[in-house]
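Student: here is my input, please return the structure:
(chains A and B)
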There are 2 protein chains.
Amino acid sequence: MNKIKLSSISTDAPKDISKEETKEITKQLLKELDELQNLLYAEHKHSLLVIVQGMDASGKDGLIRKVIGSMNPYGVTIQSYKAPTAEEMDHDFLWRIHRCAPAKGAVQVFNRSHYEDILIQRVHKWIDDKTAQKRMKAINHFEWLLTEHNNTTILKFYLHVSQEEQAARLKERTEDPKKMWKYNAKDLTEAKLWKEYMEMYEDAFENCNDIPWIIVPADRNWYKEYVVAKTLVETLRSLDMEYPVLNK
Amino acid sequence: MNKIKLSSISTDAPKDISKEETKEITKQLLKELDELQNLLYAEHKHSLLVIVQGMDASGKDGLIRKVIGSMNPYGVTIQSYKAPTAEEMDHDFLWRIHRCAPAKGAVQVFNRSHYEDILIQRVHKWIDDKTAQKRMKAINHFEWLLTEHNNTTILKFYLHVSQEEQAARLKERTEDPKKMWKYNAKDLTEAKLWKEYMEMYEDAFENCNDIPWIIVPADRNWYKEYVVAKTLVETLRSLDMEYPVLNK
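Tutor: Next up is the predicted model:
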């Protein structure tokens, strides 16, 4: 594949698309998504893993609330991956990931994921390039394992915001009383490493693309939600699922 | 590597070795093993995974009791793998294995293992050859992950008994009141599939030998215990471990 250059991909919604109409379509998509998830659960043959990655303030939490939250929480699990605990550090980096892999019939969402082990860890040089290469190889093995050995469909979303939009959102967290709880001084330090993060993301996209990444323009929440909802619905539709018949 | 032909490997102890002397050496080895495990635990850098495979009545339980039991149970965990539960069946076959992978500093023993997924399952034709090949690939990936990503040393023991010795031991279970609890009518059915099992074991040894299998002649318990104790001690010695110094 050609190397993805993030700087050449727009973070904005396309100009020729209407916000109001798109929101209406998204509403319909979310209704269908709810039904499709019910079918996935009932059929108990496939599973869906949704990986959500993106810079701070790229809108991961909002996406999960709005799009994932439209499904029946029974059968949908969200796992947020933060800095590994001491127990997790005593294992290989995929140990804590594998235990949360989706069971048949389930939808599992990762808010951040095993990709952090080749993103933040590389940006801060906590691991060297050789280790990063080894991890990327292990990630490809792991995603193949889930796909080929448990009928799991994996969707990998990168929420693509511009540096300006991120700055605006981080600033808002210092000003809007309803958003202050999200403020973390560390985010500002990380934001300064923008260029390094973009490089590491591009490297991850290049080396871990057996299951392709979906780059979601994310400066406009309504457009981001539409793209993700549409992808989820089209993916689930394509599984050709059926409600099980009664065993008499 | 050359294909292992189990029928050409002796299941008996070598003729020129004294039982009494060997038992004495094993006793010394087990003392050293206890110390080495303490060091492994204290140093907290390496981990050890011991996989024990073998036909019914090949002496897996006895080996674990005698050799593994000589170590401090704190820091040593035994996991027996039986038929998968409904929850486990809803995941890829390595899911239940990975969660029991040893943490740094730990010794983990698998009494049967992920190899059953390409042994009993193939013998009974619950999976086809294509699935078996895919599983063997995944097993090699998985063992590489533990080895390369968490400093785990993996020892894979096959307890090699003769068909005659197995028959004698299974018969004993119907006669010795202290062994009757181990009797399981199914074992006799499985025993009839001896030839098929040997073929599937040989295929596993051939295809999953990145980390080499250790074939242990197991008709004599004292000899089996000696071989395993010696291998464990030599392996742990070779790790060049050191007690951590006091951080002042």
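Student: from the centroid of chain A, which residue is nearest?
Tutor: Geometric centre of chain A, nearest residue: residue A:52, 1.2 Å, by CA atoms, centre = their mean.
Student: how about residue A:87, secondary structure?
Tutor: Counting by DSSP: H, G, I helix; E, B strand; the rest coil, the backbone at residue A:87 sits in helix.
Student: need the pLDDT of it.
Tutor: The per-residue pLDDT reported for residue A:87 equals 96.
Student: mind listing what's buried in the worst-scoring helix or strand of chain A on mean pLDDT?
Tutor: One helix or strand of chain A scores below all others by mean pLDDT, DSSP states H and E: helix A:185-191, with a mean of 91. When burial is assessed from 16 or more other CB atoms under 10 Å in any protein chain shown, helix A:185-191 yields the following buried residues: A:187, A:190, A:191. From N, CA and C alone the C-beta is placed, and that goes for glycine too.
Student: so which of the residues you listed would you say is closest to chain B?
Tutor: Using CB to the nearest CB, residue A:190 comes nearest to chain B of the buried residues of helix A:185-191, at 25.2 Å.
Student: for residue A:105, give me its contacts.
Tutor: The contact partners of residue A:105, by CB atoms under 8 Å, 6 or more residues apart in numbering or on different chains, come to A:40, A:41, A:42, A:43, A:44, A:45, A:46, A:47, A:75, B:90.
Student: looking at those residues, which are in strands?
Tutor: residue A:47 (DSSP state E).
Student: can you list the contacts of residue A:105 in a markdown table and add neighbour count?
Tutor: Below are these laid out as a markdown table (neighbours: other CB atoms under 10 Å in any protein chain shown):
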| residue | neighbour count |
| --- | --- |
| A:40 | 25 |
| A:41 | 19 |
| A:42 | 14 |
| A:43 | 16 |
| A:44 | 14 |
| A:45 | 13 |
| A:46 | 20 |
| A:47 | 24 |
| A:75 | 17 |
| B:90 | 18 |
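Student: could I get the contacts of residue A:105 in TSV, plus columns for distance to residue B:11 and pLDDT?
Tutor: Putting the contacts of residue A:105 into TSV (distance: CB to CB, whole Å; pLDDT from 0 to 100) gives the following:
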residue	distance to residue B:11	pLDDT
A:40	50	97
A:41	50	96
A:42	51	95
A:43	48	96
A:44	45	96
A:45	44	97
A:46	46	98
A:47	44	98
A:75	51	92
B:90	39	97
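Student: is it true that residue A:210 touches residue A:143?
Tutor: Yes: Residue A:210 is in contact with residue A:143 according to CB atoms under 8 Å; the separation is 6.4 Å.
Student: now for the helix or strand containing residue A:205, which elements pack on it?
Tutor: Mapping residue A:205 onto the secondary structure by DSSP states H and E places it in helix A:194-207. Applying 3 or more CB pairs under 8 Å, 6 or more residues apart in numbering or on different chains; DSSP states H and E, we find helix A:194-207 packed against helix A:120-123, helix A:129-150.
Student: which outside residues touch that helix?
Tutor: Outside helix A:194-207, the residues that reach it (CB under 8 Å, 6+ apart) are A:1, A:3-7, A:53, A:55, A:115, A:118-119, A:122-123, A:132-133, A:136, A:140, A:158, A:163, A:166, A:190, A:213.
Student: about what we covered before: how close does the residue nearest to the centre of chain A sit to chain B?
Tutor: Distance, residue A:52 to chain B, using CB to the nearest CB, to the nearest Å: 22 Å.
Student: repeat for residue A:211
Tutor: Between residue A:211 and chain B the computed distance is 15 Å (CB to the nearest CB).
Student: next one: phi and psi at that residue?
Tutor: Dihedral angles of residue A:211 (phi, psi; degrees, to the nearest 10) stand at phi -110, psi 110.
Student: how many neighbours does it have?
Tutor: Look at residue A:211: counted by other CB atoms under 10 Å in any protein chain shown, it has 18 neighbours.
Student: is the longest helix along chain A in proximity to chain B?
Tutor: Secondary structure of chain A per DSSP state H: the longest helix is helix A:19-43. No: Helix A:19-43 stays clear of chain B (CB under 8 Å from any CB of the partner chain), getting no nearer than 11.7 Å.
Student: what sits up against that helix?
Tutor: A:13, A:46-48, A:67, A:70-72, A:74-76, A:105-107, A:220, A:222-223, A:225-226, A:229-230, A:232-233, A:236-237, A:239, A:241-244.
Student: and if we set it to 7 Å?
Tutor: If you take CB atoms under 7 Å, 6 or more residues apart in numbering or on different chains as the criterion, helix A:19-43 is touched by A:46, A:48, A:67, A:70-72, A:75-76, A:105, A:107, A:222-223, A:225-226, A:229-230, A:232-233, A:236-237, A:241-244.
Student: and what of stretch A:51-59?
Tutor: A:60, A:63-64, A:109-113, A:115, A:154-159, A:161, A:166, A:169-170, A:187, A:190-191, A:197, A:218, A:221, A:224.
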